[in-house]
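> Sequence and computational prediction follow.
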Amino acid sequence: MNAMPKDCLTAILAFLLLPPFVLSAAPDRAAIDELVKPFLKDKPYLALVVGITRPEGHQVFGYGQVPLEDKQQVPNKATIFEIGSITKIFTGTLLADQVLCGTVRLDDPVQRYLPDTLAVPRRDDRSISLLHLATHTSSLPRVPSSLGLVALLSKDPANAYGAYDEARLRQTLADLKLPRPIGSRFEYSNLGVGLLGHALAHAAKAKSYEDLLIKRLADPLGLADTRLRLSEEQNKRFAPAHNQDGKRTSPWTFACLEACGGLRSTAHDLLLFADAAIGRKKTPLTDAFRMAQQPWRETCRKGESIGLCWFRQEQAISKSDMLWHNGATGGYRSFLALAPEKSVGVILLSNSPHSLDALGIAVLKKAVENTPEAARP
């Protein structure tokens, strides 16, 4: 669902050792080209979009070609990609919003907001809470144990979550024995955040997770292309997926656990989301972002904590904390990172499974170091 967070931590440490970039102005096409060039090498099929938000505004750079509307085009701010586990920070922010609305509390058992047919396992007479799910401390596994088999037996094995429906989730939960005490350690879990999405939708009496997300987050922020299910017009802007060998592969659909990785979006929408997350202007989600980004728990890596699905790495970029998440599905990668103290953010979207973490950190570092001090908050 996403590149392991340790990949990002390794990239952070590597770039902290590099000398600062020296540019006299905001990052321009030539500067970003120099960073992107090695990543594009030997990937003629790849489409990549790099977006930067700074106090002066947005910059979006497209690379490669993508077949849209029966012709090859350079991808742009309106090209749609799967964003994988970046979906989780939408879910975490939505949880904060529902807490602030009084719909749920962080320490509420998730079982309170699920139908009786979904029986969440307990351990040591303790229940898994919404906070456990959002901070990956629930003791639930990374993915359902039956996910691989379900995919292999489906009509499209490359679409890992497409056949994993609520009936299979019910069986997974019924069979599951928690391997360690709840809350005892950080362990990344797509299953946990997927379950969190179900709970939030039920708690808010929404038709679905997507309906709740659109009403409470996407529409208030003006994110018209951030959706689980695309319209006919949006499908015309949806970049095709590629596997590790550069061959076409299936996009992913989610029959059940969509809150952990099912969203599609554009550079335009994600830059608006980044602006709101930085707090550059007040929005209906300002307080929810602040709550979601607080360091609620430590992870297992030095200097890193987790909020409500948001990762925070201390002093990662020019002595500023970095808020981030990455994403991966079968044929896409994504990366979003913010340096809130510098009022800078970056997003990277690609239609191949090659990690964007190191490249994304390099772009963020360059953008931060070339933002005039007067422009920073």
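Structure's in. What do you need?
> which residues touch the spatially closest residue to Leu263 that is not a sequence neighbour?
Once flanking residues are discounted, Leu263 sits nearest to Thr87: 4.2 Å by Cβ to Cβ, 6 or more residues apart in numbering. For every residue, glycine as well, the C-beta is placed using N, CA and C. Contacts for Thr87 (Cβ atoms under 8 Å, 6 or more residues apart in numbering) come out as Glu258, Ala259, Cys260, Gly261, Gly262, Leu263, Gly327.
> and if we set it to 10 Å?
By Cβ atoms under 10 Å, 6 or more residues apart in numbering, Thr87 lies in contact with 1-2, 190, 193-194, 197, 209, 213, 226, 228, 254, 258-265, 309, 325, 327, 329, 334.
> What average pLDDT does the helix or strand harbouring Leu94 get?
Counting by DSSP states H and E, the element that carries Leu94 is helix 87-100. Helix 87-100 carries an average pLDDT of 98.
> Mind checking what helix or strand follows it in sequence?
That would be, after helix 87-100 and using DSSP H and E, helix 130-134.
> How far does that next one sit from its chain's centre?
Helix 130-134 sits 16 Å away from the centroid of its parent chain (Cα atoms, centre = their mean, to the nearest Å).
> which secondary structure elements does it contact?
Counting contacts by 3 or more Cβ pairs under 10 Å, 6 or more residues apart in numbering; DSSP states H and E, helix 130-134 is packed against helix 87-100, helix 190-203, strand 297-298.
> need the ones you listed in CSV with distance to Ile80, can you?
Shown next, in CSV, are the helices and strands packed on helix 130-134 (distance: least, Cβ to Cβ, whole Å):
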stretch, distance to Ile80
helix 87-100, 14
helix 190-203, 21
strand 297-298, 33
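> Identify whichever of these lies nearest to Leu169.
helix 190-203 (7.8 Å; Cβ to Cβ).
> Would you mind pulling up the elements that whichever helix or strand comes after the closest one packs against?
Downstream of helix 190-203, the first helix or strand assigned by DSSP H and E is helix 209-213. In this structure, helix 209-213 makes packing contacts with helix 87-100, helix 190-203, judged by 3+ Cβ pairs under 10 Å, 6+ apart.
> which one of those lies closest to Glu232?
Of all the helices and strands packed on helix 209-213, helix 87-100 comes closest under Cβ to Cβ, at 22.5 Å.
> For the closest one, what is the distance to the chain centroid?
12 Å.
> Only the buried residues of it, if you could.
87-99 (16 or more other Cβ atoms under 10 Å).
> For the residues you listed, please prepare a markdown table with the additional fields distance to Ala218.
Listed next are the buried residues of helix 87-100 as a markdown table, based on distance: Cβ to Cβ, whole Å:
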| residue | distance to Ala218 |
| --- | --- |
| Thr87 | 12 |
| Lys88 | 15 |
| Ile89 | 13 |
| Phe90 | 8 |
| Thr91 | 12 |
| Gly92 | 15 |
| Thr93 | 11 |
| Leu94 | 10 |
| Leu95 | 15 |
| Ala96 | 15 |
| Asp97 | 12 |
| Gln98 | 15 |
| Val99 | 19 |
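> Specify which member of these is nearest to Gly64.
Using Cβ to Cβ, the buried residues of helix 87-100 come closest to Gly64 at Thr87, 23.8 Å.
> Leu271 and Gly279, how far apart?
14 Å (Cβ to Cβ, to the nearest Å).
> Those two: which is more packed in?
Leu271 (22 against 18; other Cβ atoms under 10 Å).
> Against which helices or strands is the helix or strand containing that one packed?
Here Leu271 sits within helix 267-278, counting by DSSP H and E. Identification of packing neighbours for helix 267-278 by 3+ Cβ pairs under 10 Å, 6+ apart yields strand 47-54, strand 57-64, helix 87-100, helix 219-221, helix 286-293, strand 320-329, strand 332-339, strand 344-350.
> make it 7 Å
strand 47-54, helix 219-221, strand 332-339, strand 344-350 (3 or more Cβ pairs under 7 Å, 6 or more residues apart in numbering; DSSP states H and E).
> JSON lines for the ones you listed, including mean pLDDT and distance to Ala158?
Shown next, in JSON lines, are the helices and strands packed on helix 267-278 (pLDDT from 0 to 100; distance: least, Cβ to Cβ, whole Å):
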{"stretch": "strand 47-54", "mean pLDDT": "97", "distance to Ala158": "19"}
{"stretch": "helix 219-221", "mean pLDDT": "98", "distance to Ala158": "32"}
{"stretch": "strand 332-339", "mean pLDDT": "98", "distance to Ala158": "12"}
{"stretch": "strand 344-350", "mean pLDDT": "98", "distance to Ala158": "17"}
